[in-house]
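Student: Quick one, fold the following:
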Amino acid sequence: MGKHGDECRAKQPRQENPPIHLSEKQAARHCEQEENDCADAIASLLPLEFFAPQDCIGKMLLACDSVLCRLPQAGAQPPCSAHRELRLGRRACAHLAADYANSLFSHNAAFGARPYKDVDSKLFGIFMADDNEDHEGHAHVHDEPTEEEIAQMYANFEKAGKIAASVIKEAPKLVLPGESYFDIAESLEKMIVDAGGLPGFPAGISVNEIAAHFTPEADNVVLIGETDVVKIDIGAQIEGCIGDTAVTVDLSGEHGKLCEASSAALDAAIACIRPGMDVGEVGAAIEHEITSRGFRPIENLTGHKIEPYLLHAGVDMPNIRTNGGYAIQEGDIFAIEPFSSTGSGHVADTSQVEIFALQATPKLRMKYSRELLEHIVRNYFSLPFAERWLRGVFNSRLTLSTALRELLNSGALHPYPVLRDTGKGMVSQFEHTVIVEHDSAKPITKV
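Tutor: Predicted coordinates for the structure are as follows:
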């Protein structure tokens, strides 16, 4: 799943609840209700130790927030004892959530990834102290990953890669004129599950000038055309370790050279990778293979480093010659995905968005939005998901649409807009995930 080079956008301002001003009578009545609400929420925290941490992250934090967000911020009685207990309970739950997230990401430190020691405040948007109380900062210190843990991580990547390879091999058999985008996507994702994995992101079906990030909505009735150039991009994951791969199917039979350009560029990139090489040198090899065949590499779509539960782990693998700035290291895992175009070689966002990923947990006004956020945290964590995957959360499609809109407007979700070549040229893509070894790169999504 390609990383769009223009994805950096200004963060949306956080929407705060306005202060609630109450009379003494109203405050007394509110405080009584507050104590009842707090008591219920505290009771829900009591069996915390009997649940797995992932079961607590969404449920417990949101249970506390659902009470705290309604409390008066000014003009009311001082916080009741239950209120203080709730804050302490929420803080303990926040630490538990952070510890769980750290347990997922801790081994990244061995490969130079940023540590998730501040997950409580950054990923979950958690406040950790009362206004009138001082608390020491909560630091999370984790031991270096053991050799067994590192070996297990690579084993998970290789298993995910084999699953993705087996599914992508069958993908061209599904891409036939008259087949629906929806049926193809659902079939690919089911094949991943049947093979023992989970989708690492929604199956991408990007056709003709659409370069990336298209997955069909639940009621999509669009059919594959007889002369379409269809890019299938899938990811299989085992415990957050993703095998990311893609292939292009040319139904017209007229764009063989375009497909060859991306395929040859992928082979050249894999062949040249060595520890110590700058990523810009790999981009140069990709660019040469594509331009020498008369096409343009898409300059603002890149491959990307992958880490557990991080599909885009902060380092790009360019498709053109650049200054780079990152020296490839032994043990790195990269998705390499050249895109070739008969058009401009540059993509831009369209207005359509079907893929999202969690990026924060701000305060939310609506109950349904909080329920949807809890579902996303518990089921997808930091990995991309499709709106059609959420259709079973509520009985009403309108409720889902409204809740999803609040999550987007609040900055809780990062959208992945569908990307189109600005020159409306045909686009091809081929992709493999590789593990960098001591003198080469090993493709793990290649049969």
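Student: which residues does residue 307 form a beta bridge with?
Tutor: residue 310 (DSSP bridges).
Student: Per-residue pLDDT of it, please?
Tutor: Model confidence at residue 307, given as pLDDT, is 91.
Student: distance of it from residue 241?
Tutor: Going from residue 307 to residue 241 by Cβ to Cβ, to the nearest Å gives 9 Å. Using the backbone N, CA and C atoms, a C-beta is placed for each residue, glycine as well.
Student: repeat for residue 234
Tutor: Taking Cβ to Cβ, one finds residue 234 at 15 Å from residue 241.
Student: out of those two, which sits in the busier spot?
Tutor: Legend: neighbour count by other Cβ atoms under 10 Å for residue 234 and residue 241, higher for residue 234 (29 against 26).
Student: Please report how far that one lies from residue 165.
Tutor: Taking Cβ to Cβ, one finds residue 234 at 10 Å from residue 165.
Student: where does this structure dip in pLDDT?
Tutor: 5-144 (pLDDT under 70).
Student: let's see it at 90
Tutor: 1-150, 219-220, 309-310, 313-314, 323-325, 359-363, 374, 377-378, 381-382, 447 (pLDDT under 90).
Student: max-length strand in it?
Tutor: Looking across the chain with DSSP state E, the single longest strand is strand 347-358.
Student: can you pull the buried residues of that strand?
Tutor: 347, 349, 354, 355, 356, 357, 358 (16 or more other Cβ atoms under 10 Å).
Student: how close does the second one sit to residue 416?
Tutor: If I follow you right, that is residue 349. Note on residue 349: its distance to residue 416, by Cβ to Cβ, is 9 Å.
Student: what is in contact with those two at once?
Tutor: residue 4 (Cβ atoms under 8 Å, 6 or more residues apart in numbering).
Student: Residue 230: what secondary structure?
Tutor: strand (DSSP: H, G, I helix; E, B strand; the rest coil).
Student: List the residues that contact it.
Tutor: 175, 205, 206, 207, 224, 248, 249, 250, 251.
Student: What helix or strand is the closest residue to residue 358 other than its chain neighbours located in?
Tutor: The shortest distance from residue 358 to any residue that is not its chain neighbour, by Cβ to Cβ, 6 or more residues apart in numbering, is 5.4 Å, and that residue is residue 376. According to DSSP states H and E, residue 376 maps onto helix 367-379.
Student: List the buried residues for that helix?
Tutor: So helix 367-379, judged by 16+ other Cβ under 10 Å, has buried residues 368, 369, 370, 371, 372, 373, 374, 375, 376, 377.
Student: Residue 285: which of these is nearest?
Tutor: Using Cβ to Cβ, residue 376 is the member of the buried residues of helix 367-379 that sits closest to residue 285, with 38.5 Å.
Student: if I look at that closest one, how far off is residue 274?
Tutor: In this structure, residue 376 and residue 274 are 39 Å apart, going by Cβ to Cβ.
Student: next one: residue 359
Tutor: For residue 359, the distance to residue 274 - Cβ to Cβ - is 34 Å.
Student: and what of residue 211?
Tutor: Counting by Cβ to Cβ, the gap from residue 211 to residue 274 is 29 Å.
Student: Which one's more surrounded, these two?
Tutor: Neighbour count, other Cβ under 10 Å: between residue 211 and residue 274, residue 211 has more, with 29 against 16.
Student: The helix or strand where that one lies pairs with which strands, parallel or anti?
Tutor: Using DSSP H and E, residue 211 maps to strand 210-212. Paired neighbours of strand 210-212 in the sheet (DSSP bridges): strand 413-421 (antiparallel).
Student: who's in contact with the nearest residue to residue 244 once chain neighbours are set aside?
Tutor: Among residues not flanking residue 244 along the chain, residue 335 sits closest, at 4.1 Å (Cβ to Cβ, 6+ apart). By Cβ under 8 Å, 6+ apart, the residues touching residue 335 are 1, 244, 303, 304, 306, 317, 431, 432, 433.
Student: cool, residue 196 as well?
Tutor: The contact partners of residue 196, taken as Cβ under 8 Å, 6+ apart, are 159, 163, 238.
Student: So which of those sit within helices?
Tutor: Cross-referencing the contacts of residue 196 against helices under DSSP state H gives 159, 163.
Student: Name the member of the contacts of residue 196 that has the highest neighbour count.
Tutor: In the contacts of residue 196, the most neighbours by other Cβ under 10 Å go to residue 163, 26 neighbours.
Student: In the record's domain split, what are the boundaries for this structure?
Tutor: 23-122, 147-351+420-443 (automatic domain parsing).
Student: Start and end of the last one, how far apart?
Tutor: This means domain 147-351+420-443. End-to-end distance for domain 147-351+420-443: 22 Å, by Cα to Cα, to the nearest Å.
Student: what's the neighbour count on residue 395?
Tutor: Residues within reach of residue 395, counting by other Cβ under 10 Å, total 7.
Student: circling back: any idea which helix or strand comes after the helix holding residue 376?
Tutor: The helix or strand immediately downstream of helix 367-379 is strand 385-386, counting by DSSP H and E.
Student: What ranges does the stretch 101-250 of the chain have for its helices?
Tutor: 119-122, 147-174, 181-194 (DSSP state H, counting those that start in this stretch).
Student: Pipe those into JSON lines and attach distance to residue 219 per row.
Tutor: What follows is the helices of the stretch 101-250 of the chain, written out as JSON lines (distance: least, Cβ to Cβ, whole Å):
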{"stretch": "helix 119-122", "distance to residue 219": "36"}
{"stretch": "helix 147-174", "distance to residue 219": "20"}
{"stretch": "helix 181-194", "distance to residue 219": "8"}
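Student: and of the ones you listed, who's closest to residue 392?
Tutor: Each of the helices of the stretch 101-250 of the chain has some distance to residue 392 by Cβ to Cβ; the shortest is helix 181-194, at 13.5 Å.
Student: Now do that closest one and helix 147-174, the angle between them.
Tutor: 140 degrees (axes from the mean of the first three to the mean of the last three Cα atoms, to 10 degrees).
Student: which other residues reach helix 181-194?
Tutor: Helix 181-194 has contacts (Cβ under 8 Å, 6+ apart) with 163-164, 166-167, 170-171, 174-175, 198-199, 202-203, 205, 215-218, 220-224, 232, 234, 236, 388.
Student: and if we set it to 7 Å?
Tutor: For helix 181-194, the surrounding residues in contact (Cβ atoms under 7 Å, 6 or more residues apart in numbering) are 163, 167, 170-171, 174-175, 198-199, 202-203, 205, 215-216, 220, 222, 234, 236.
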